[in-house]
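> here's my sequence, what's the structure:
(chains A and B)
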There are 2 protein chains.
Amino acid sequence: MTSAGALDRLLDATRPGMDRVNAMILERASSHVELVPEVARYLIDSGGKRLRPMLTIAAAMLFGKANGSEVNFAAAVEFMHNATLLHDDVVDESDMRRGRAAARMKWGNQASVLVGDFLLGQAFMMMVDTGNIAALKVIAEAATIIAEGEVLQLAKTRDLSASAADYDEVIGAKTAKLFEAATEVGAMAGGADAVGREALHRYGRELGFAFQLVDDVLDYRGEAGTLGKNTGDDLREGKMTLPVILALQQATPAEREIIAKTLGSVDAGEAQLKQVVAIFERYDTLGRTIEQAFTHAHRAREALKPLPPGEMKALLGDIAEFTVARAY
Amino acid sequence: MTSAGALDRLLDATRPGMDRVNAMILERASSHVELVPEVARYLIDSGGKRLRPMLTIAAAMLFGKANGSEVNFAAAVEFMHNATLLHDDVVDESDMRRGRAAARMKWGNQASVLVGDFLLGQAFMMMVDTGNIAALKVIAEAATIIAEGEVLQLAKTRDLSASAADYDEVIGAKTAKLFEAATEVGAMAGGADAVGREALHRYGRELGFAFQLVDDVLDYRGEAGTLGKNTGDDLREGKMTLPVILALQQATPAEREIIAKTLGSVDAGEAQLKQVVAIFERYDTLGRTIEQAFTHAHRAREALKPLPPGEMKALLGDIAEFTVARAY
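I've put the predicted structure just below:
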């Protein structure tokens, strides 16, 4: 079975739950202030895979005692994700998102900041409506740590001394934290015991690491926007992702010079970008980044080991591999 | 007794509670990511009056059964307020805040957006820690409505057809909502019954209206920064506050032209500003705005009527008048 098949199977398996999630997303993105749904829906309808809320629904199904609160949790997770994207685009001054103009290019930074805040507020409202204070704690903590991770990433911008450990800390916070929260609150909604909750917490965390590592590779490989962004954007934005960090560790002074010149240079052209990617190839830093993604995907599958066998468990294991297979 | 005296009396009366609030604020603004406390404390320590958290503490004291959760609620309210200020400065492209450079001028828009998100996350964490889901609902709803109000204000920027009703909707959401939540959750922490909770809800709401109306007058009156911002900033930012709306209702075509030309003109100089203020004076729109503030302050005092007499009740009534007395 191909890994791409795994995503289709997840879509099928979570469809009834996701129909309710999508209805809730539509309802909660509405407002009598017209600009709110205009901006929110532009992003929400832009063809994201909704992987995170699907994982919440799947995690709840895994434990068989889902009580409906997983729908709120899933929609809340997707709203938090979209709020982060709106704010990220402002922070990164990105022009594109998911293959089209970023919201901020159409409505300005102002609307992106404020509609992001609105979505964050609605995410909490949906959580509050379940009355589940333990799940709220998971989500509130995630919101805080995600922001902290984004600040750390900002602080490390163009920092040539950034280490692989710094990178792990950044993506552990800005990406893995939401995946981890998504699957953990799903397990809670599904009636998981402490072992089940911990298993899904670890599964989501490892999956998130694998996902971001692959994203950071795709940023350099994308043929005109596999991610719907411009190839090399991370480099132009001065982001210290693992492929850059690994390259700097081995680079000659001349190579280091080339990388340093390109990092954070918004105007870096194709030729300059190619020079940097050639250095990455010399030290196989994209390949080594994917290798790390594989390790995390493997750990994600391992995290589910304590759980009884079943179709959904197998599917979640396959999803971990799908996450990495995107790199090819 | 002067109204300025009322603020001092509130400071005295809430001191033990506010000592705990201030300690919690300091603790929760910390992070191992150094840039977070750097930006957060710059704003937090910049000499705001902390009126909102004081109101939360006072509201809790009013009902005599405070259980300590009011400290979390108060700190959460202050964090939400500061998060809003950080985001507002980005939205408004403000240079100054509380009499010194806005955080975004020192650390950039990026840090302001992200540290704002961090403070919002921490606000929810502090609420979650109390386990009070009903209070969480009040706060989450407030967060959503505040953002909605800010979006509405943005949508109405430089809209010459904006009405007094539009203005009421904007300030009811962006300002009054947080005052209302601050006093309502305070009452809840203090063990208020439904009548008490409703009274403090209404009190906070009316107080918030009075507060913002006066702020919008001071924006035109400030002698080199009574508010710590530049005089006339609202006009330069194209904000449709009541003094402008009332003026446009009566202005001659020539006067209308002058106002329209200045609204949203970042480079508007002293002379141009004076022309607009002269029009305001012609129609007494600053005076009429203050009159409305008085009406709301009066209603705030009235809202407390159902409660038994007492020192704190009298003090909160005086605080309503202090809010308006700032205009002089």
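> for chain B, what are the nearby residues on chain A?
Counting by CB under 8 Å from any CB of the partner chain, the positions of chain A adjacent to chain B are A:31, A:33-36, A:87, A:90-91, A:109-111, A:113-115, A:117-118, A:120-122, A:124-125, A:127-128, A:131, A:133, A:136-137, A:140-141, A:143-148, A:150-152, A:154-155. Every C-beta, even on glycine, is put in place using the N, C-alpha and C of the backbone.
> ok, residue A:170 - contacts?
Contact partners of residue A:170, counting by CB atoms under 8 Å, 6 or more residues apart in numbering or on different chains, are A:149, A:152, A:153, A:156.
> quick one: buried ones out of the residues of chain A next to chain B?
A:31, A:33, A:35-36, A:87, A:90-91, A:109-111, A:113-115, A:117-118, A:120-122, A:124-125, A:127-128, A:133, A:136-137, A:140-141, A:143-148, A:150-152, A:154-155 (16 or more other CB atoms under 10 Å in any protein chain shown).
> narrow those residues to those in strands?
In strands, judged by DSSP state E, none of those are found.
> just the ones of those in helices?
With helices taken from DSSP state H, the overlap with these comprises A:35-36, A:87, A:90-91, A:109-111, A:113-115, A:117-118, A:120-122, A:124-125, A:127-128, A:133, A:136-137, A:140-141, A:143-148, A:150-152, A:154-155.
> residue A:59 versus residue A:304, what's the distance?
Taken as CB to CB, to the nearest Å, the spacing of residue A:304 relative to residue A:59 amounts to 10 Å.
> cool, residue A:287 as well?
Plainly put, residue A:287 is 31 Å away from residue A:59 if you go by CB to CB.
> more neighbours: those two, which one.
In this comparison of residue A:287 against residue A:59, neighbours counted by other CB atoms under 10 Å in any protein chain shown, the higher total goes to residue A:59 at 33 against 14.
> for chain A, just list every one of the strands.
A:96-97, A:100-101.
> so residue A:262 is in contact with residue A:272, correct?
Yes: at 5.3 Å, residue A:262 and residue A:272 qualify as touching, with contact defined as CB atoms under 8 Å.
> any low-confidence regions in chain A?
Counting by pLDDT under 70, chain A has low-confidence residues at A:1-4, A:222-229.
> spatially central residue in it, please.
When CA atoms, centre = their mean is applied to chain A, the residue found nearest the centroid is residue A:175 (4.7 Å).
> that one and residue A:208 touch, don't they?
Yes: at 5.0 Å, residue A:175 counts as touching residue A:208 under the criterion of CB under 8 Å.
> in the stretch 201-328 of chain A, what residue is nearest chain B?
When distances are taken as CB to the nearest CB, the stretch 201-328 of chain A reaches nearest to chain B at residue A:237, 10.5 Å away.
> what values do phi and psi take at that residue?
Main-chain torsions, residue A:237, degrees, to the nearest 10: phi -80, psi 0.
> count of neighbours near it?
Residue A:237 has 19 neighbouring residues, counting by other CB under 10 Å.
> which non-adjacent residue is nearest it?
The shortest distance from residue A:237 to any residue that is not its chain neighbour, by CB to CB, 6 or more residues apart in numbering or on different chains, is 5.2 Å, and that residue is residue A:92.
> ok so, going back, nearest to chain B, of the contacts of residue A:170?
Nearest to chain B, judged by CB to the nearest CB, of these is residue A:152 at 4.6 Å.
> enumerate the positions of the longest helix anywhere in chain A that are buried.
Assignment by DSSP H gives helix A:194-221 as the longest helix of chain A. Applying a neighbour-count criterion of 16+ other CB under 10 Å, the buried positions in helix A:194-221 are A:196-197, A:199-221.
> what's the distance between the closest residue to residue A:206 other than its chain neighbours and residue A:205?
What sits nearest to residue A:206 in space, not counting adjacent residues and going by CB to CB, 6+ apart, is residue A:300, at 3.8 Å. In this view, residue A:300 and residue A:205 are 8 Å apart by CB to CB.
> same check on residue A:257?
Look at residue A:257 and residue A:205: by CB to CB, they are 37 Å apart.
> also residue A:110?
Following CB to CB, the distance that separates residue A:110 from residue A:205 is 34 Å.
> likewise for residue A:316?
Here the criterion is CB to CB. By it, residue A:316 lies 13 Å from residue A:205.
> list the residues that contact the nearest residue in space to residue A:170 that is not next to it in sequence.
The spatial neighbour of residue A:170 that comes closest, neighbours along the chain excluded (CB to CB, 6+ apart), is residue A:153 at 4.7 Å. Applying CB under 8 Å, 6+ apart, we find residue A:153 in contact with A:170, A:174, A:239, A:240.
> swap in 10 Å and give it another go.
Residues in contact with residue A:153, defined by CB atoms under 10 Å, 6 or more residues apart in numbering or on different chains, are A:88, A:91-92, A:162, A:166-167, A:169-171, A:173-174, A:237-241, B:33, B:110, B:114.
> then residue A:265?
Contacts of residue A:265 were listed using CB under 10 Å, 6+ apart, and they are A:158, A:235, A:236, A:237, A:238, A:272, A:273.
> check residue A:10 too.
When the contact criterion is CB under 10 Å, 6+ apart, the partners of residue A:10 are A:18, A:49, A:51, A:54-55, A:57-58, A:312, A:315-316, A:318-319, A:322.
> could you rerun that using 8 Å?
Counted by CB under 8 Å, 6+ apart, residue A:10 has contacts A:54, A:58, A:315, A:319.
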